[in-house]
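Pasting the sequence and the predicted model now:
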Amino acid sequence: QVQLVESGGGLVQPGGSLRLSCAASGSIFSINAMGWYRQAPGKQRELVAAITSGGSTNYADFVKGRFTISRDNAKNTVYLQMNSLKPEDTAVYYCNAHISLSGSYYSTWYWGQGTQVTVSS
């Protein structure tokens, strides 16, 4: 079994910052790509940022220059530093990770439960 647990969401004023964390635990052999998605009410879930095991990153255009994704492979954790937040960044943020299980050739994508980010004055 594998779990992804997000933390760090909350209410912040426009222009503020938040740092999200997502820790993976369980029978993990290796973690390949990790990423953050978000879903606003009435909208589809969309990619925010992704990072490979080697540290290569990819960002959605709407967060470039404001958000930074990083990971700590020793802690099986991915982070999302969000600066210059806007009201339109309000959404539930989900992390995901492509994980290979210990003692198995099986690998698949896992999702966290989501953390609410609200940007409002």
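Yep, that arrived.

who are the neighbours in contact with the residue nearest to the spatial centre of the chain?
Using C-alpha atoms, centre = their mean, the residue of the chain that lies closest to the mean C-alpha position is Trp36, 2.9 Å off. By C-beta atoms under 8 Å, 6 or more residues apart in numbering, Trp36 lies in contact with 20, 22, 47-50, 69, 78, 80, 93-96. From N, CA and C alone the C-beta is placed, and that goes for glycine too.

looking at the sheet around it, what are its partners?
Under DSSP bridges, the beta-bridge partners of Trp36 are Ala49, Cys95.

which ones are touching the residue of the chain most remote from its centre?
Summary for the chain: using C-alpha atoms, centre = their mean, the residue whose C-alpha lies farthest from the chain's mean C-alpha position is Gly103, with a distance of 26.3 Å. Applying C-beta under 8 Å, 6+ apart, we find Gly103 in contact with 27, 29.

List buried residues within the contacts of Trp36.
Using 16 or more other C-beta atoms under 10 Å as the burial test, the contacts of Trp36 include 20, 22, 48-50, 69, 78, 80, 93-96 as buried.

Including pLDDT, could those residues go into JSON lines?
Written out in JSON lines, the entries for these read as follows (pLDDT from 0 to 100):
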{"residue": "Leu20", "pLDDT": "98"}
{"residue": "Cys22", "pLDDT": "98"}
{"residue": "Val48", "pLDDT": "98"}
{"residue": "Ala49", "pLDDT": "98"}
{"residue": "Ala50", "pLDDT": "98"}
{"residue": "Ile69", "pLDDT": "98"}
{"residue": "Val78", "pLDDT": "98"}
{"residue": "Leu80", "pLDDT": "98"}
{"residue": "Tyr93", "pLDDT": "98"}
{"residue": "Tyr94", "pLDDT": "98"}
{"residue": "Cys95", "pLDDT": "98"}
{"residue": "Asn96", "pLDDT": "97"}
